[in-house]
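**Q** Need a 3D model of the sequence below.
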Amino acid sequence: MSLKHFAGRLPCVWRRRYSTSPSLKKPVTDNGPATGRAWSNPATHNPRWTGRSVFTLSATAGLLGFGLATASLQGPPQRAVTLLDSKMPTPQYASLDEMEDALNEIRREISKKGGGDIISTDPEDLLAHGYSEWSTVNPDGLPVAVVYPRSTEQVSTIARVCHKYRVPIIPYSGGSSLEGNFSAPYGGISVDFAYMDQIIQFNKDDMDIVVQPSIGWQDLNENLSRMGSGLFFPIDPGPSAKIGGMIGTNCSGTNAVRYGTMKDWIINLTVVLADGTVIKTRRRPRKSSAGYNLNGIFVGSEGTLGLVTEATLKLAVVPEEFSVAVVTFPTIRDAASAAAEVMQTGIPVAAMEIMDEVQMKVVNIGGATAPRVWKEMPTLFFKFSGTKAGVKENISRVQAIAKNNKGSNFEFAKDAKEQKLLWSARKESLWSMLALRKNNEEVWSTDVAVPFSRLADIIEVSKKEMDDLGLFASILGHIGDGNFHESIMYNRKDKDELEKVETCVKNMVKRALEMEGTCTGEHSIGWGKKESLLWEVGPDTLAVMKQIKSALDPLWIMNPGKIMDIP
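**A** Numbering: from 1, shown residues only. As a prediction, the model looks like this:
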C-alpha cells in the first residue's frame, strides 16, 4: 500500500491494521513509566493528523515562525543592520509523494548493502515516536515512518537521502524528554537508535569508553560493574535516559553537584551531519586545544545540528565508601539555608536534593517506598562518597549544619540496604506523582535554575502562587546547583486549569531570569520553551544560534522547530 493511502487512514481509531515484523519492534525494557508511555490509550489522545495536514501545518508554522523571527530580529527602529539580520529562506519540506520516494530509496540503499528492512509505518510506532503523555507540550503531527538503523553507515544513508528529498529527521533514543523534544510537527522520519546500544571500545587504563547512542546510563554502569572495572559513569538523570538523548539535552541529575553535567564527560563524538557527512569532533585525549570546541556545539543541540552515532565518554573511579542521609526541616527556607551553608563551607557532598512537604506526601500516597512512611515536611537528601574516614567526617559536619538550621530527624544509612531505602523517595518522586493521575489528569513537569543563594526565594514565591491558584503541585530539586522542578497535576481538557498552569510556569521562568538564572537547568528547550529561550538570551544571541543552524543544516531538516522556530 502506498504511503499516501496509508497516511489517509491514520486519523481513525488506532487499530493495528499494518503489522511490523518482529525484527523492527523496539526492544522492550522494564525501566518504569517510559515503557508504558509509548503506548498511550488512543481514546484519550486523538491526534488531528493526516498526511496532508502535516504539510498544511508546515506552511502555517513556517509563516508564523518567519513573522516571529523577523519581529525578534528587527529590534528598535533605529537599530543598525548587522550580519545577524540576514534573512534565511523559509524551508520547503517534501510532499507526501516525495517522502514515499525517500523511504523507497532508503530501502533500496540499505538492501543493496546487505541490510534488512529497517523502516516501520505501524500506527502504534508512529504514535509512540510523536507523542509523550508526560511531555509539557505535544504539537500536532506524527512522523510518517520510524527508521531503526544498525550502524553509523546506515544513519549516513538515511540522512543523505532525506537531505536529497528535504525530509525532516527527528532523532529518538530513550523517549523520556519533557519539552516535546522528539515530536514531529512537520512529519518526516523518526530515527530510533534502539538497535545501536553497544559498547564499542573500553579503554580501562585511560578511563574512557566508546558507546553507541541508545545504551542507557544504568546499563552502562551495570556493564562496568560486571567487568570489575572499578569505574563508573556518574551522570544520573531519569532511569530510562539513554546516552544519545543525554548528549542532546546536556542533562545532569542528582550527581551534578559533584560531577557536573553531560558536557563535562564527553571526550569526542561521531556525528552524522544533515547531508550524510560523518565527522569526529576530536581525538581521544582528555584535553585538546585544536580548533573550535565542536563538542560544545553538538552537546545540548537536541539533534538540530546532527545525529550522534558514537560517543567517547570519560569515566570516574568508584569511591571507596558511600552513604546517604535524610533530614527534615520546618520550612523550605530553612532547608535551603542549610544547603547553602553546606556549599559555602566546601563539604564535598556527592548529591544534595530537596523535596517539599507536598512531594513527600505524594511519595507516601503512591506507596512506591512502602512500608516506609516519610515525614511530610520539607526534606533534604544527601549522598556522600569518598574514603571511609572522609564520609564519616562529612556526615558529622552536615548533621551539625542541619541542626543549626532547625533540621531534625536526621538519619544516615548504616549499610547498602539502608542507603537504597533512604534514597528511594528521591528516585521515585516523579513516578509517584504520575501514579496519582486520574481520568484526564496529566503532570506538567518543568525546571529552572538560579544561583543557589536565590533558590529559597524563588521556591517560596512559586509555591505560594501555585497554592493561590488552587493547583496541586510539588517541588523537588538539585539544590546544590540551584536547579529545581515543579510537578503540577492538572486536567488538560479543562481550559481554565490549563491556563493557570501555563501562567504559573511562565511566571516561574520570568522570576528565574530576573534572578540571573536560566529557563531550563537540564530539560533543554525542545518545542515547549522556545519563547523562554528568547527571553533569556535575547534576539541577537538567538540569531547567532540560527546562523550556526543554517550553516550546518541549510535545509532545516534536522529536528525542525526545536530550540528555535524555522525561518
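
**Q** Strands of the stretch 351-500 of the chain, residue ranges please.
**A** Using DSSP state E, counting those that start in this stretch, the strands of the stretch 351-500 of the chain run over residues 351-355, 379-386, 408-412, 441-449, 472-478, 483-491.

**Q** again but with the stretch 151-300 of the chain, I slipped
**A** Under the criterion DSSP E, counting those that start in this stretch, the stretch 151-300 of the chain contains strands at 169-172, 189-192, 199-203, 208-211, 231-232, 266-272, 278-280.

**Q** export the ones you listed to TSV and tack on mean pLDDT?
**A** Compiled in TSV, these are given as follows (pLDDT from 0 to 100):
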stretch	mean pLDDT
strand 169-172	98
strand 189-192	98
strand 199-203	98
strand 208-211	98
strand 231-232	98
strand 266-272	98
strand 278-280	98
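
**Q** now those strands in a markdown table, with distance to residue 163 and mean neighbour count?
**A** From N, CA and C alone the C-beta is placed, and that goes for glycine too. Below are the strands of the stretch 151-300 of the chain laid out as a markdown table (distance: least, CB to CB, whole Å; neighbours: other CB atoms under 10 Å):
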| stretch | distance to residue 163 | mean neighbour count |
| --- | --- | --- |
| strand 169-172 | 9 | 28 |
| strand 189-192 | 12 | 28 |
| strand 199-203 | 26 | 14 |
| strand 208-211 | 26 | 22 |
| strand 231-232 | 38 | 18 |
| strand 266-272 | 11 | 23 |
| strand 278-280 | 13 | 14 |
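
**Q** So for residue 155, which of these sits nearest?
**A** Nearest to residue 155 among the strands of the stretch 151-300 of the chain is strand 266-272; the distance by CB to CB comes to 4.8 Å.

**Q** Send me that closest one as CSV with only the CA atoms.
**A** Extracted C-alpha coordinates of strand 266-272, given in CSV (Å, rounded to 0.1, in the frame of the first residue of the first chain):
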residue,chain,number,x,y,z
ILE,A,266,32.3,14.0,26.6
ILE,A,267,35.7,13.4,25.0
ASN,A,268,34.6,13.2,21.4
LEU,A,269,31.6,12.4,19.3
THR,A,270,30.9,10.7,15.9
VAL,A,271,28.2,12.9,14.2
VAL,A,272,26.3,12.4,11.0
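
**Q** change the start of the numbering to 34 and stick with it
**A** Sure thing, new numbering starts at 34, so read that last one as strand 299-305.

**Q** Please report how far residue 179 lies from residue 192.
**A** 15 Å (CB to CB, to the nearest Å).

**Q** Oh, that last question was meant for residue 154, not what I typed.
**A** Computed as CB to CB, the residue 154 to residue 192 distance reads 19 Å.

**Q** So between those two, which is more surrounded?
**A** Each of residue 154 and residue 192 has its neighbours counted (other CB atoms under 10 Å); residue 192 has more, 26 against 19.

**Q** isn't that one right up against residue 306?
**A** Yes - the criterion here is CB atoms under 8 Å, and residue 192 meets it with residue 306 at 7.1 Å.
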